[in-house]
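# Let's see this in three dimensions:
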Amino acid sequence: MWQLQPAGAAQPDVVYAGVEPAALFRSDDGGQSFRLDEGLWDHPHRTQWEPGGGGLCLHTIVPDPNGTDRLGVAISAAGFYRTLDGSTWEAANAGISAPFLPEPTPEFGQCVHKVDRHPAQPDTLFLQHHWGVYRSDDFGGQWEEIGADSLPSTFGFPIVVDPNRPDVAYVLPLTSDEFRCTPDARLRVYRTADGGASWEALTDGLPQENAWITVLRDGFVADTLDPAGLYVGTRTGEVFASADAGESWRELARHLPPVLCVKTAVLS
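Coordinates of the predicted model:
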């Protein structure tokens with residue numbers, strides 16, 4: 001199992017599970033029982049899906065916060081798929097380049113690493129691809145590359161949208177798919193405040209020397225406070241946190257096992 005995703009406040013009893021080999025399960029009773037989404041399981045593309053480096057995994061689930069039947073999933077390495085009616089699924093990768101494939105703009109086969117969106121603006125999705133950072137304003141109908149001119153690399157795993165500002169998103173670039181560590185041995189979180197048109201490096205409190213660090217797709221997360229708290233867990237066992245939307249950081253822990261996933265909760 002790669003992902004457990006509650007549907008949100010509009011569907012408080014609905015929980016989705018994404019698994020390997022790529023499949024989606026849904027619970028309507030708060031996780032007491034699950035059923036297979038047969039529409040995605042029987043999709044005609046399935047026989048041609050190829051596993052990514054971590055396997056043929058359904059790792060990201062994007063429900064509609066308004067409680068409709070619209071739902072998106074990301075599969076490595078099949079791409080982004082969506083349903084608008086809760087039963088019929090379609091590949092939604094138009095505009096995403098896959099230079100590692102014979103056909104660089106295929107209908108499917110893209111190695112999507114992570115997708116996120118703001119709950120108040122659910123049509124707008126931000127996507128970190130194996131190569132490239134993308135934005136869609138129609139729930140995956142068409143994608144536009146963002147950040148190629150202002151990021152040190154467009155390879156990376158996580159992407160996080162600020163819970164308070166829908167045009168603010170964060171990425172954590174790695175050098176390349178052949179060298180999956182932070183560029184120049186510096187841990188830098190990059191933030192866009194204009195929907196991806198430009199990006200700035202956030203470094204205060206993060207190691208800027210000899211930091212050969214890898215962060216995986218679920219190793220970066222935001223809480224729901226304002227300003228947002230941001231948390232980064234690394235494969236070398238460090239956890240870094242920011243309480244001011246990335247302006248400053250501090251180390252919470254080190255010498256942990258590799259951190260594969262970070263989750264947050266706000267307790268009242």
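# just the helices in the chain please.
Counting by DSSP state H, the chain has helices at residues 38-41.
# mind listing what the residue most central in space within the chain touches?
The centroid of the chain falls nearest to residue 114 when counting by Cα atoms, centre = their mean (2.3 Å). With contacts defined as Cβ atoms under 8 Å, 6 or more residues apart in numbering, residue 114 is in contact with 59, 60, 74, 127, 128, 157, 158, 159, 217, 218. For the C-beta atoms, the positions are set from N, CA and C on the backbone; glycine is no exception.
# I'd say the first one and residue 1 touch.
No: Residue 59 sits out of contact with residue 1 when judged by Cβ atoms under 8 Å, with a separation of 10.1 Å.
# joint contacts of those two?
residue 18.
# between these two, which one's more packed in?
residue 59 (24 against 10; other Cβ atoms under 10 Å).
# Just give the number of residues close to the closest residue to the more buried one other than its chain neighbours.
Using Cβ to Cβ, 6 or more residues apart in numbering and skipping the chain neighbours, the partner closest in space to residue 59 is residue 2 (4.4 Å). Look at residue 2: counted by other Cβ under 10 Å, it has 20 neighbours.
# Kindly report the same for residue 190.
Neighbours of residue 190 (other Cβ under 10 Å): 23.
# Could I get the contacting residues of the residue nearest to it when sequence neighbours are not counted?
Nearest non-adjacent residue to residue 190, counting by Cβ to Cβ, 6+ apart: residue 199, 4.5 Å away. Neighbour list for residue 199: 147, 150, 151, 171, 190, 191, 192 [criterion: Cβ under 8 Å, 6+ apart].
# Adding pLDDT and distance to residue 88 as columns, could you present the residues you listed in CSV?
Formatted as CSV, the contacts of residue 199 follow (pLDDT from 0 to 100; distance: Cβ to Cβ, whole Å):
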residue, pLDDT, distance to residue 88
147, 86, 32
150, 92, 38
151, 97, 35
171, 98, 32
190, 98, 36
191, 98, 37
192, 98, 33
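# Closest one of those to residue 234?
Taking Cβ to Cβ as the measure, residue 234 lies nearest residue 171 of the contacts of residue 199, at 15.2 Å.
# Against residue 106, how distant is that closest one?
Separation of residue 171 from residue 106 (Cβ to Cβ, to the nearest Å): 24 Å.
# Skipping its backbone neighbours, what lies nearest residue 259 in space?
In space, residue 259 is closest to residue 233, 3.0 Å off (Cβ to Cβ, 6+ apart).
# Quick check: the one you found touching residue 257?
No: taking Cβ under 8 Å as the definition, residue 233 is not a contact partner of residue 257, at 10.3 Å.
# circling back to that earlier point, per-residue pLDDT, the residue nearest to residue 259?
As predicted, residue 233 sits at a pLDDT of 98.
# and what of residue 98?
86.
# Which residue, other than its chain neighbours, is closest to it?
Nearest non-adjacent residue to residue 98 (Cβ to Cβ, 6+ apart): residue 110, at 4.9 Å.
# Could I get the pLDDT score of that neighbour?
95.
# ok, the residue nearest to residue 211 when sequence neighbours are not counted - contacts?
For residue 211, ignoring the flanking residues on the chain, the nearest one in space by Cβ to Cβ, 6+ apart is residue 187 at 4.5 Å. By Cβ under 8 Å, 6+ apart, the contact set of residue 187 is 203, 206, 207, 208, 211, 213, 232, 240.
# Got a ChimeraX select line for the buried ones in these?
The ChimeraX selection below is limited to those of these classed as buried (16 or more other Cβ atoms under 10 Å):
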select :203,206,207,211,213,232,240
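# of all the contacts of residue 187, which two lie farthest apart?
208 and 232 (14.5 Å).
# close enough to count as contact, residue 146 and residue 134?
Yes: contact status for residue 146 versus residue 134: in contact at 6.5 Å, counting by Cβ under 8 Å.
# The two: which is more packed in?
residue 134 (27 against 24).
# What pLDDT does the model give that one?
Looking at residue 134, the pLDDT reads 98.
# likewise the one 4 residues further on?
On the pLDDT scale, residue 138 is placed at 97.
# Burial check on residue 16, number of neighbours?
21.
# likewise residue 102?
So residue 102, with other Cβ under 10 Å, has 7 neighbours.
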